[in-house]
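Chemist: Sequence plus the predicted model coming up.
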Amino acid sequence: IPEANEVLQEADHCSRTSRKGKFPVIGIEGLDATGKSTLTESLRESFKAVLLKSPPDCIGRYRKRFDTEPPLIRRAFYALGNYITASFIANKSATSPVIVDRYWHSTAAYAIATEVSGKAENLPPPHHELYQWPLDLLQPDLVLLLTLSPEERIRRIEGRGEQKTKEEMELEANCLFRQRVEETYKRMENPACVLVDASASKEEVFKNAHLLIKRYCNTLS
Ligand SMILES: Nc1ncnc2c1ncn2[C@@H]1O[C@H](COP(=O)(O)OP(=O)(O)OP(=O)(O)O)[C@@H](O)[C@H]1O
Ligand SMILES: Nc1ccn([C@H]2C[C@H](O)[C@@H](COP(=O)(O)O)O2)c(=O)n1
């Protein structure tokens, strides 16, 4: 895969020992169309934060290419993307709060849910090492998981009217896959996800998320 060299070159430009700065780092997670982009944008504005995402823009153009590869290669791309994002987080959190739209929890949740079949009870048991944050990856201070009923999620996906990715179609069609992704998110540890009900209005979801962040990170005004 010729693009792999280009992605690795981007990674080579990044620091390998990314340490968080003094400002809070907040991750926002959830299935697609749960309202992550909507919420991250409001939080960015309200906290005067830097908004980052994983995979980061510098490798975004390779994403479609890796999405067509078998799961192991596809996941390697997303995993590396998290480490590249970590170096941006380290840099930006020295001077302002950082909001991250998807990060390690997304990579782990989708990867584990893909490798396991059937019901969520077939997932590795709670506290399994697969649910632990990688020791060498910069940790966020707080991760919010947006939860939404499948019916409302589908309404929002249809309301967007965009073309769906293969995995979005699978999530829609395969209720068990969706349940496995969501359950894996809930089993992640160090940091665990704090659940936010995303079925409320945009204003209400923002208000709740804002409150949670202020409670956890009292340095924020
Ligand atoms: N609280 C809400 N109530 C109603 N609609 C909402 C709410 N939050 C977001 N939406 C709408 O739902 C759709 C999906 O939201 P958004 O794009 O923010 O989700 P997302 O989680 O970032 O999706 P993806 O991961 O696929 O990029 C958008 O049309 C958005 O306007
Ligand atoms: N850090 C990340 C971000 C995304 N992914 C994968 C998981 C899904 O297959 C897909 C969802 O992303 P979206 O299209 O909603 O931005 O991307 C990941 O594994 N790790």
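Modeler: Here it is on my side, so go on. Numbering: from 1, shown residues only. Ligands and ions are numbered 1, 2, ... in the order given.
Chemist: What mean pLDDT does the longest helix along the chain get?
Modeler: Counting residues, the longest helix found in the chain (DSSP state H) is helix 71-92. The average pLDDT within helix 71-92 is 96.
Chemist: Name the residues of the chain found near ligand 1, please.
Modeler: Residues of the chain lying close to ligand 1 (C-beta under 6 Å from any ligand atom) are 30, 32-38, 156, 159-160, 198, 201-202, 205. To be clear about C-beta, it is placed using only N, CA and C from the backbone, and glycine gets the same treatment.
Chemist: Need the max-distance pair from these.
Modeler: Farthest pair in the residues of the chain next to ligand 1 (C-beta to C-beta) is 32 and 201. Separation: 19.6 Å.
Chemist: for this protein, what are the low-confidence residue spans?
Modeler: Along the chain, the parts satisfying pLDDT under 70 run over 163-173, 219-221.
Chemist: any idea where the helices of it begin and end?
Modeler: So, for the chain - with DSSP H - the helices run 2-12, 36-47, 57-60, 63-67, 71-92, 104-115, 150-160, 166-173, 175-187, 202-216.
Chemist: Name the surrounding residues that touch the shortest one.
Modeler: When you say that, I think you mean helix 57-60. Contact partners of helix 57-60, identified using C-beta atoms under 8 Å, 6 or more residues apart in numbering, comprise 7, 10, 77, 80, 81, 84.
Chemist: That one: which residues count as buried?
Modeler: By neighbour count on 16 or more other C-beta atoms under 10 Å, the buried set for helix 57-60 is 58, 59.
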